[in-house]
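Chemist: Here is a sequence together with a model predicted from it:
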Amino acid sequence: MRVLLDTHIALWAAAGAPQLSSEAIRLIEDPANTLLVSAAAIWEIAIKHAKGNLRVHPHDARSAFRLAGFAELPIAGEHAEAVAALPLHDDHADPFDRVMIAQALHEGIALADASVLPEHPPATISVLLETGSAFCEKHPGVEQALLSWHEEATKVTAAAGH
């Protein structure tokens, strides 16, 4: 399964941080999974670093992601356009979150965000389901991928105690 890691998950996974649940670790360490990091995550790290809100430099983050075996997912015009299909959602008002959700939808891949952490509700699942029908009308073939993603995400969040 291809899994897009959001910024927090990617940083924590690359650092082996304790914030990850055992289920998130299982998902990340499963050799059958291909782990991706969005260019949006690196952009977010760069902005937070420049503002002094994050100590890690984006160059160091990219190096850590490569060493961890994460592949980079560039932001394509189709991804940016797909953001328009997303409804406004309080849990995902952040533009970096929104482009990563759009990337996951467009690419038909899973998105690992804070919903795989025990203390967070699976907000991404509801966002993707709300947007699925409108998005799928414009992008044939995504509906099955979205349903498969939802099934896998439900297993992940159920195993994490949600």
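Modeler: It's in.

Chemist: buried residues in stretch 68-78?
Modeler: For stretch 68-78, burial by neighbour count (16 or more other Cβ atoms under 10 Å) applies to 68, 70, 73. Glycine gets a C-beta too; all of them are placed from N, C-alpha and C.

Chemist: Distance to Ile28 and pLDDT for the residues you listed - can I get that in CSV?
Modeler: Putting the buried residues of stretch 68-78 into CSV (distance: Cβ to Cβ, whole Å; pLDDT from 0 to 100) gives the following:
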residue, distance to Ile28, pLDDT
Ala68, 9, 92
Phe70, 9, 96
Leu73, 16, 97
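
Chemist: Among the residues you listed, which lie within strands?
Modeler: Of these, the ones assigned to strands by DSSP state E are Leu73.

Chemist: could you redo the buried residues of stretch 68-78 as a markdown table and give each row distance to Asp60?
Modeler: Converted to a markdown table, the buried residues of stretch 68-78 look like this (distance: Cβ to Cβ, whole Å):
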| residue | distance to Asp60 |
| --- | --- |
| Ala68 | 12 |
| Phe70 | 14 |
| Leu73 | 19 |
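
Chemist: Show me which of the buried residues of stretch 68-78 is closest to Ala10.
Modeler: Phe70 (6.4 Å; Cβ to Cβ).

Chemist: Verify the contact between that closest one and Leu36 for me.
Modeler: Yes: if you go by Cβ atoms under 8 Å, Phe70 and Leu36 touch, sitting 6.5 Å apart.

Chemist: quick one: least confident helix or strand in the chain?
Modeler: Ranking every helix and strand in the chain by mean pLDDT, DSSP states H and E puts helix 123-138 at the bottom, with a mean of 42.

Chemist: what are the ranges of the strands in the protein?
Modeler: 2-5, 34-38, 71-73, 110-112.
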